[in-house]
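Peer 1: what follows is a predicted structure for the sequence shown.
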Amino acid sequence: MSKRTSKRTSKIVKPVGSDLDLCTQHREKYVKYCTQHDSPCCAKCTAEKHVSCKEIISLDEAVRHFKGSVAFKKIEKGMVDAAKNLKQIRKESEVNVSVITEERTRIESEIQQARNKINKYLDKIQNQMSKELHEVTHKVKKKSSDLNVVINEMERSIANQQSKIDKVKKDATDVQCFLSMKSTEAELNKIDKTINTIIDDGEFGILSISFNLDPAMENLALNANSFGHVIVEIKPFLSKSIEEISLNLQRTINTQVKQTEGCCLLDNGTLLFSDFLKDRVTVLSDNRELDIQIPIKSSLHGLTVIDSQTIAVSPGGSAPHVINVVDIKDKSIKKTIPVHSEVDGMVYREENLIYCARGDGIKMTNFTNGVTATILKCNLGQFANIANFKDKLFVTDRDEHTVTCCDLKGTVLWTFKDTEVLQRPWGITVDKDGNIYVVDWKDKLVVLSADGKRHKQLLSAKDGLKSPTTLFYHNHTNQLLVANEKNNALLYKLI
């Protein structure tokens, strides 16, 4: 009896990243790593592109202990966090559709109640309003559907990358692990960038609608051409209420300024402070070392960022009454804009400088042609400061102990006044969620909700505040720079 033999061919599984140790351009083994360019190099790469680089090490040295390194764990955790954020964004988006639908029903009920008080002449107006509400709901659903497509794609990418990470930890060599995780890190950066775009660019977000009934409807006025107005506001995904906000101190900075009235933080990490006593702008490089001091012929107050290398400086109460536009790179005054009042706090918005004019209220001067208009006529005191968020302005008045919110037409929306909370409100800024941060000269940092109805104290003298006068929120880095009147400032990360 013959034995029947069977031959089995075992399939060779190609290890994860088995071809990642080959140069994509030269198809030779990577042997070096340029830390200056964060790039692996084959022999030809080193000879052709990295001859002058002084920070080249062996690939073995670069990948040594990488699997257990902080960088490896950071990438792995980043993927988990990205997946969590996407899941939360999806949930908030889907809940938003339901809430908007419910709000639509509630608003339509209000409209119907009003409709019952008037005659059939208003049938057309009701239909128009219902159509508008349905269009808003349809747009929300469509945006949510489009967003789900993007989220699904990124979730698939994350799942693939997480699977790759698991295999890398088990099967790959150190070199393969290092190169594979670098590839994963690049994908993570791409995903994080997309998530940040979803959160920050204003196209997506948590929509809310409300309804303002036209007062004319109550009076049965037949000349009314609308039931009211559907108000659509976009709130960013994953946004925080003031109750959730906390600060993490990153560093204390020696400003070398004896009376700071304005500050800002540029995208490249450069810090700027207006020196009220010595009539100059002090510039600290990204390593917090003194870079330059630019003299300005006036007692400086507010600073506002125009672009990555240009700022505008307000003259405070001194003559000449001109706003100086300063080129940081060239260390020079680029142009001067004459104004007809003493100017304290100032913000830049869409080619316009909006500023606090002492005694005259809030004014706006076009950056290009110098045309000036009054937004709100009021008697502002000294050292008033201003911040902008979307179509709203926020102004502090230390003498009246108030923070006032108005729109760009000068309509006052609300005023916060509580002397137990804010005694001498000074500098003011707004984060990406519309929360308002105010420093009180009496050693406080307080955050107000976007509607001005709630408040929370974040910092006090025990945290290093000593007569703080100004602060600046950086939207992209989520950092808050808080400057004391004399000598130092504190840089925080919002968490």
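Peer 2: Arrived safely, thanks for sending. Residues are numbered from 1 along each chain as shown.
Peer 1: below-threshold pLDDT in the protein: ranges please.
Peer 2: Flagging of the chain using pLDDT under 70 yields the residue ranges 1-18, 117-122, 202, 216-225, 227.
Peer 1: could you redo the last one with a cut-off of 80?
Peer 2: The chain contains residues with pLDDT under 80 at 1-19, 65, 68, 114-126, 200-205, 207, 212-240, 286-291, 297-299, 316-320.
Peer 1: skip ahead from the longest helix seen in it and say which helix or strand is next.
Peer 2: Longest helix in the chain, counting residues (DSSP state H): helix 123-171. Moving toward the C-terminus from helix 123-171, the next helix or strand (DSSP states H and E) is helix 174-200.
Peer 1: what is that next one packed up against?
Peer 2: Contact partners of helix 174-200 among helices and strands, from 3 or more C-beta pairs under 8 Å, 6 or more residues apart in numbering; DSSP states H and E: helix 59-63, helix 70-115, helix 123-171. Any C-beta I mention is one placed from the backbone N, CA and C, and that applies to glycine too.
Peer 1: quick check: buried residues in it?
Peer 2: 175-182, 184-185, 187-188, 191-192, 194-195, 198-199 (16 or more other C-beta atoms under 10 Å).
Peer 1: can you list contacts of the very next helix or strand once past that helix?
Peer 2: Per DSSP H and E, helix 174-200 leads on to strand 206-213 as the next helix or strand towards the C-terminus. With C-beta atoms under 8 Å, 6 or more residues apart in numbering as the test, strand 206-213 has contacts from 92-93, 96, 99-100, 103-104, 107, 110-111, 114, 133, 136, 140, 227-237, 239.
Peer 1: pull out the buried members of those.
Peer 2: Buried subset of the contacts of strand 206-213 (neighbour count, 16+ other C-beta under 10 Å): 92-93, 96, 99-100, 103-104, 107, 111, 114, 133, 136, 140, 227-228, 230, 236-237, 239.
Peer 1: so Lys278: helix, strand or coil?
Peer 2: coil (DSSP: H, G, I helix; E, B strand; the rest coil).
Peer 1: and Ile428, what is it in contact with?
Peer 2: Ile428 neighbours (C-beta under 8 Å, 6+ apart): 345, 385-387, 394-396, 403, 436-439, 471.
Peer 1: Throw those residues into a markdown table and include neighbour count, thanks.
Peer 2: Below are the contacts of Ile428 laid out as a markdown table (neighbours: other C-beta atoms under 10 Å):
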| residue | neighbour count |
| --- | --- |
| Gly345 | 27 |
| Asn385 | 31 |
| Ile386 | 23 |
| Ala387 | 25 |
| Phe394 | 27 |
| Val395 | 26 |
| Thr396 | 30 |
| Val403 | 26 |
| Ile436 | 25 |
| Tyr437 | 26 |
| Val438 | 25 |
| Val439 | 28 |
| Leu471 | 25 |
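Peer 1: among the residues you listed, which are in helices?
Peer 2: Using DSSP H to define helices, no part of these is located there.
Peer 1: and which of those residues is nearest to Asp418?
Peer 2: Taking C-beta to C-beta as the measure, Asp418 sits nearest to Val403 out of the contacts of Ile428, at 9.8 Å.
Peer 1: pretty sure that closest one contacts Phe416?
Peer 2: Yes. Val403 is in contact with Phe416 according to C-beta atoms under 8 Å; the separation is 4.5 Å.
Peer 1: now the contacts of Ile428 in JSON lines, with distance to His65?
Peer 2: Below are those laid out as JSON lines (distance: C-beta to C-beta, whole Å):
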{"residue": "Gly345", "distance to His65": "52"}
{"residue": "Asn385", "distance to His65": "50"}
{"residue": "Ile386", "distance to His65": "52"}
{"residue": "Ala387", "distance to His65": "47"}
{"residue": "Phe394", "distance to His65": "50"}
{"residue": "Val395", "distance to His65": "55"}
{"residue": "Thr396", "distance to His65": "52"}
{"residue": "Val403", "distance to His65": "52"}
{"residue": "Ile436", "distance to His65": "47"}
{"residue": "Tyr437", "distance to His65": "42"}
{"residue": "Val438", "distance to His65": "48"}
{"residue": "Val439", "distance to His65": "45"}
{"residue": "Leu471", "distance to His65": "42"}
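Peer 1: ok, the spatially closest residue to His134 that is not a sequence neighbour - contacts?
Peer 2: The shortest distance from His134 to any non-neighbouring residue, by C-beta to C-beta, 6 or more residues apart in numbering, is to Arg104 (7.5 Å). Residues near Arg104 by C-beta under 8 Å, 6+ apart: Leu133, His134, Val136, Thr137, Ile209.
Peer 1: kindly report the same for Ile231.
Peer 2: By C-beta under 8 Å, 6+ apart, Ile231 lies in contact with Ile209, Ser210, Phe211, Asn212.
Peer 1: restricted to buried residues, select those residues in PyMOL.
Peer 2: Buried residues within the contacts of Ile231, by 16+ other C-beta under 10 Å, are selected in PyMOL with:
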select buried, resi 209+211
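Peer 1: can you add distance to Arg156 and give the contacts of Ile231 back as JSON lines?
Peer 2: Converted to JSON lines, these look like this (distance: C-beta to C-beta, whole Å):
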{"residue": "Ile209", "distance to Arg156": "33"}
{"residue": "Ser210", "distance to Arg156": "37"}
{"residue": "Phe211", "distance to Arg156": "40"}
{"residue": "Asn212", "distance to Arg156": "43"}
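Peer 1: make CSV from the helices and strands packed on helix 174-200 and add distance to Ser467 to it.
Peer 2: CSV is the format used below for the helices and strands packed on helix 174-200 (distance: least, C-beta to C-beta, whole Å):
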stretch, distance to Ser467
helix 59-63, 49
helix 70-115, 39
helix 123-171, 46
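Peer 1: for these, which one sits closest to Val482?
Peer 2: Short answer: helix 70-115, nearest of the helices and strands packed on helix 174-200 by C-beta to C-beta, at 27.2 Å.
Peer 1: so how far is that closest one off the chain centroid?
Peer 2: Distance of helix 70-115 from the chain centroid (C-alpha atoms, centre = their mean, to the nearest Å) equals 19 Å.
Peer 1: got the angle between that helix and helix 174-200?
Peer 2: Interaxial angle, helix 70-115 versus helix 174-200 (axes from the mean of the first three to the mean of the last three C-alpha atoms, to 10 degrees): 20 degrees.
Peer 1: tilt between helix 70-115 and strand 206-213?
Peer 2: Helix 70-115 and strand 206-213 are oriented at 20 degrees to each other (the same axes, to 10 degrees).
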